[in-house]
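Visitor: Using only what follows, build the 3D model:
(one chain, ligands or ions: 1)
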Amino acid sequence: MTAMVHLDIQNCLIFTLVFLFPTLFLFVFFFFKEPKKSFDLPPSPPSLPIIGHLHLIISSSMHKCFQKISSKYGQFLHLRIFHVPIVLVSSPTVAYEIFKAHDTNVSYRGPIAIDECIVFGSSGYIRAPSGDYWRFMKKIIMAKALGPQALERTRGVRLVELERFHRNLLDKAMKKESVEVGEEAMRLVNNTLGKMSMGSSFSVEDNDGGKVCELSVAFTSLCHKFCVAQVFHKPLEKLGISFLKKDVMEELFVGAGDSSSSTTRWAMAEIINNPKILERLREEIDSVVGKNRLVQETDLTNLPYLQAVVKEALRLHPVGAVVPREFQEGCTIGGFYIPEGTSLAVNSYAIMRDPDSWEDPCKFKPERFLTSSRSWKEEERKEQALKFLAFGAGRRGCPGSNLGSTFVGTAVGVMVQCFDWEIEGDKVNMEEASGLRFFMALAKPLKCTPSPRNMNHLPSDSRGQDYTRFQLANI
Ligand code: HEM
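Guide: From the prediction side, this is the model:
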């Protein structure tokens, strides 16, 4: 009898477990689940369980993977890498709407993917949220380093370094030695920034410039890791994998050197491959500057074709090919809802090669920037400007765009004005470096041998030296 009662209780328990709980669960699931939110996310390509769209973006450079996805599934997409939501924008119209109407909302680059890092940490500038601290830092940076008046004060410094850059190339040309254009440009930019920020150039004997170049290369590789980590750090953290360790860097300084020198390398590669462009550039420089003095930054406003060449190099080969941001609040864009905390990837590479916005988008045609002088209406001009995203956009756009363009313009100007360039083979190999990277770089170094053009005597000890002494004393 006791055994039977025991058996009944056991059966009751089994019955409850097998039938009652699942019924209760289904009841709760169907009747008490959260009401479905009535918003549409942007369209999404087919995804895989757990990893989401990861498999679509690991085959080559980030911007190329994104471009491939956009051309197949659309220019405004919602992706998921593990559980991290990302909105991918490759449409100039959507980018325009975002930077026009939601600039404040996307003026944050997202949480730091690194345990504790002085470069990108809250004490840094690039990673700082757009709050009081960032505004304060921006004010200082513009007033002391990158604003028009600050740049005017340090013009002499750049002139001296440009002459040094020319002398160094001339020295190599006389010895018939080859140079790597990117390295030379990097040395020019780093030496100039060193002098602009610390008041003294790097010591040639101690190879300070070389050390900064090495630091810059290390920084770029760190940036590649960082950008990858930015996308993958949340899922990897869950697996107990830490992507990056603490690093101490001069963020402003080092990133600027790499972006300017890399753009110079791309521009020279395009010029060497297009002899007609080289010829036209030379004609312009010779007629405006002449052959008795070196081209300098004050000439740039009178050299529209040189400026157009720089812009075209930036359009086709934007160093920061993908602009990463984060939506701090939920918002509606193009009729779709974007939830708070969603990462934003604006593919400036794809936008600046969009066939609806640019004629012959993959061709190097500097002339396209010469026609924009027609009288645009203000709104039209802004929209046009936002199709050119080489320096990003909005309040977090590059504050060094003027200085960067000046570096590239004067370096290219000197190289075209004073030298002929010989390369191995007929054409420069324009292949891009591959791998999971946000930054665009030439796959192979741009090695070429300069030979001096028939120029009249260029002043070796220049007005720049005196000018610099005077200016530095007044900073
Ligand atoms: C050709 C040269 C350059 C290129 C192509 C370039 C490109 C860029 C891009 C694409 C961004 C991201 C913008 C965004 O998120 O919307 C950026 C940000 C930035 N760049 Fe540049 N840059 C160049 C030169 C420079 C120079 C010379 C400096 C300073 C010396 C500089 C300082 C910065 C800083 C501080 C930021 C972060 C701005 C912020 O977060 O508020 N850049 N740059």
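
Visitor: Please list all residues in contact with Gly394.
Guide: Applying Cβ atoms under 8 Å, 6 or more residues apart in numbering to Gly394 gives the contacts 99, 103, 106-107. For every residue, glycine as well, the C-beta is placed using N, CA and C.

Visitor: ok, the residues you listed vs Trp358, which is closest?
Guide: When the contacts of Gly394 are compared for distance to Trp358 (Cβ to Cβ), Phe99 comes out closest, at 18.3 Å.

Visitor: Could you check how many residues crowd around that closest one?
Guide: With neighbours defined by other Cβ atoms under 10 Å, the count for Phe99 comes to 24.

Visitor: How about the one 5 residues further on?
Guide: Per other Cβ under 10 Å, the neighbour tally for Thr104 reads 12.

Visitor: Pretty sure it sits against Arg395.
Guide: Yes - the pair Thr104 and Arg395 passes the contact test of Cβ atoms under 8 Å, sitting 7.3 Å apart.

Visitor: can you pick the most crowded of the contacts of Gly394?
Guide: Neighbour max across the contacts of Gly394 (other Cβ under 10 Å) = Val106, 27 neighbours.

Visitor: still on that earlier bit, please convert the contacts of Gly394 to TSV, extending it with distance to the ligand.
Guide: Formatted as TSV, those follow (distance: Cβ to the nearest ligand atom, whole Å):
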residue	distance to the ligand
Phe99	8
Asp103	10
Val106	9
Ser107	8
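
Visitor: what residues does the protein put near the ligand?
Guide: Within the chain, the positions near the ligand by Cβ under 6 Å from any ligand atom are 125-126, 146, 252, 256, 259-260, 263, 314, 319-320, 323, 390-393, 396-400, 403-404, 408.

Visitor: Buried subset of the residues you listed as a PyMOL selection?
Guide: Buried members of the residues of the chain next to the ligand, defined by 16 or more other Cβ atoms under 10 Å, are picked up in PyMOL with:
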select buried, resi 125+146+252+256+259+260+263+314+319+320+323+390+391+392+393+396+398+399+400+403+404+408
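
Visitor: From the residues of the chain next to the ligand, which land in strands?
Guide: If you go by DSSP state E, the residues of the chain next to the ligand have Val323 in strands.

Visitor: hang on, the earlier thing: now the common contact residues for Thr104 and Arg395.
Guide: Taking Cβ under 8 Å, 6+ apart as the contact rule, Thr104 and Arg395 both touch Ser130.

Visitor: Spit out the contact partners of Ser434.
Guide: Ser434 is in contact with 60-61, 443, counting by Cβ under 8 Å, 6+ apart.

Visitor: which one of the residues you listed is nearest the ligand?
Guide: Proximity of the contacts of Ser434 to the ligand (Cβ to the nearest ligand atom) peaks at Ser61, which lies at 15.3 Å.

Visitor: just checking, that closest one touches Glu432?
Guide: Yes - contact criterion Cβ under 8 Å: Ser61 and Glu432 qualify, at 6.5 Å.

Visitor: Which of the two has more residues huddled nearby?
Guide: Taking other Cβ under 10 Å, Ser61 and Glu432 do not tie; Ser61 has more neighbours (22 against 18).

Visitor: pLDDT score assigned to that one?
Guide: pLDDT, Ser61: 86.

Visitor: mind checking how far it is from Gly335?
Guide: From Ser61 across to Gly335, the span is 31 Å (Cβ to Cβ, to the nearest Å).

Visitor: One more: Pro399?
Guide: 33 Å.

Visitor: repeat for Lys291
Guide: Shown here: Lys291 relative to Gly335, a distance of 59 Å by Cβ to Cβ.

Visitor: Have a look at those two and say which one is more surrounded.
Guide: Neighbours were counted for Lys291 and for Gly335 using other Cβ under 10 Å; Lys291 has more, 14 against 8.

Visitor: Give me the three-state assignment for that one.
Guide: coil (DSSP: H, G, I helix; E, B strand; the rest coil).

Visitor: thinking again about what came up before, so what sits against both of Ser61 and Glu432?
Guide: The contact sets of Ser61 and Glu432 overlap at Met440 (Cβ under 8 Å, 6+ apart).

Visitor: Tell me the one of the contacts of Gly394 nearest Lys363?
Guide: Distances from Lys363 to the contacts of Gly394, taken as Cβ to Cβ, are shortest for Phe99 (26.5 Å).

Visitor: element containing that closest one, please.
Guide: Phe99 is part of helix 92-101, with elements assigned from DSSP states H and E.

Visitor: Flag every buried residue along that helix.
Guide: The neighbour-count check on helix 92-101 (16+ other Cβ under 10 Å) flags 92-99 as buried.

Visitor: what helix or strand is Glu340 on?
Guide: Remark: Glu340 resides in no helix or strand, with elements defined by DSSP H and E.

Visitor: pretty sure it contacts Tyr108?
Guide: No - if you go by Cβ under 8 Å, Glu340 and Tyr108 don't touch, sitting 11.3 Å apart.
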